[in-house]
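Colleague: turn this into a model:
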Amino acid sequence: MRYNTEGLRDEIRNALLVVSRTKGQLDGFEDCGSSNSKFQKTRAGAQPIRTLACRTFKTSPMPLPPQAFKFTKLVRAVNNARKCVADWLRYCYSDGAQLPTKAVLVELLAEFSAQEDRVLRGSSVELVKHLALLACQQKRHQINIGSNLLTQVKIAQLAGKTDSAWNKRWSCRWERLLRILETFDQEGLNHVYKCGRGQKTTREHGDLLVQCSIQSRTRNEMATSMAL
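Modeller: Coordinates of the predicted model:
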């Protein structure tokens, strides 16, 4: 699957930024279909926006940008991903998320344990849990900033491990946590891209039907005129 990874990441960042700051301006359009009901399925049941006349905000809502409605579809695609993947995307690309959710950490630890060739107990299990949280922060920093939040030397010090002990057993475990998070991120990006491509394909099929109908009508009119 080929696409501009950084471009898609920027779209997700912008979408999560805009939707979170527009204070519900787009909520009334959630799940609404296109006005062109001939080629696209229309969904009913969206609730209108209601507010009290006396309600005030400390700051005004962010004005809607031209691509705001496109962003709602993109955020919907994020939310429709696998639970841990959707939570990871929101944590990684949203400026308001402070910590990864329980779903992300549970799935991360589960996949880590499935790939571990030794049985970890006691303090080692607790250390892996702490490293899992730190790995989420490290991977987020790598993706958004392009550098490491902490070096492995610093992480080894925080873990209470000597350089030899870290390099022998724990360095590979640390890298494994980062690789698993990379698979979460890649799965999420692929899902969002496929959802966007599916919408584009639907529009292209609709345009093709119109084009075929016009061509067929034109041929019939030409045949009629030639017969006369």
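Colleague: which residues touch Q67?
Modeller: N14 (Cβ atoms under 8 Å, 6 or more residues apart in numbering). Using the backbone N, CA and C atoms, a C-beta is placed for each residue, glycine as well.
Colleague: ok, it to G7 distance?
Modeller: Taking Cβ to Cβ, to the nearest Å as the measure, Q67 falls 13 Å from G7.
Colleague: please enumerate the helices of this protein.
Modeller: For the chain, applying DSSP state H gives helices covering 5-21, 68-79, 83-93, 102-115, 123-145, 152-159, 163-165, 171-227.
Colleague: tell me which of those helices sits most buried.
Modeller: Using mean count of other Cβ atoms under 10 Å, the stretch among the helices of the chain with the largest mean neighbour count is helix 83-93, at a mean of 23.
Colleague: what's it in contact with?
Modeller: Applying Cβ under 8 Å, 6+ apart, the external contacts of helix 83-93 come out as 9, 12-13, 16, 78-81, 97, 99-101, 103-104, 106-108, 136, 139-140, 143-144, 181, 184-185, 187-188, 191-192.
Colleague: that one to helix 68-79, inter-axis angle?
Modeller: 130 degrees (axes from the mean of the first three to the mean of the last three Cα atoms, to 10 degrees).
Colleague: keeping just the C-alphas, turn helix 83-93 into PDB.
Modeller: C-alpha atoms of helix 83-93 as PDB (Å, rounded to 0.1, in the frame of the first residue of the first chain):
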ATOM      1  CA  LYS A  83      -9.800   0.000  19.600                       C
ATOM      2  CA  CYS A  84      -6.100   0.100  20.600                       C
ATOM      3  CA  VAL A  85      -5.100   1.400  17.100                       C
ATOM      4  CA  ALA A  86      -7.700   4.200  17.300                       C
ATOM      5  CA  ASP A  87      -6.600   5.100  20.800                       C
ATOM      6  CA  TRP A  88      -3.000   5.100  19.600                       C
ATOM      7  CA  LEU A  89      -3.700   7.500  16.700                       C
ATOM      8  CA  ARG A  90      -5.600   9.900  19.000                       C
ATOM      9  CA  TYR A  91      -2.700   9.800  21.500                       C
ATOM     10  CA  CYS A  92       0.100  10.100  19.000                       C
ATOM     11  CA  TYR A  93      -1.400  12.900  16.800                       C
END
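Colleague: burial measure for N4, as a count.
Modeller: Counted with other Cβ atoms under 10 Å, residues neighbouring N4 total 10.
Colleague: tell me the pLDDT at it?
Modeller: At N4, the model reports a pLDDT of 92.
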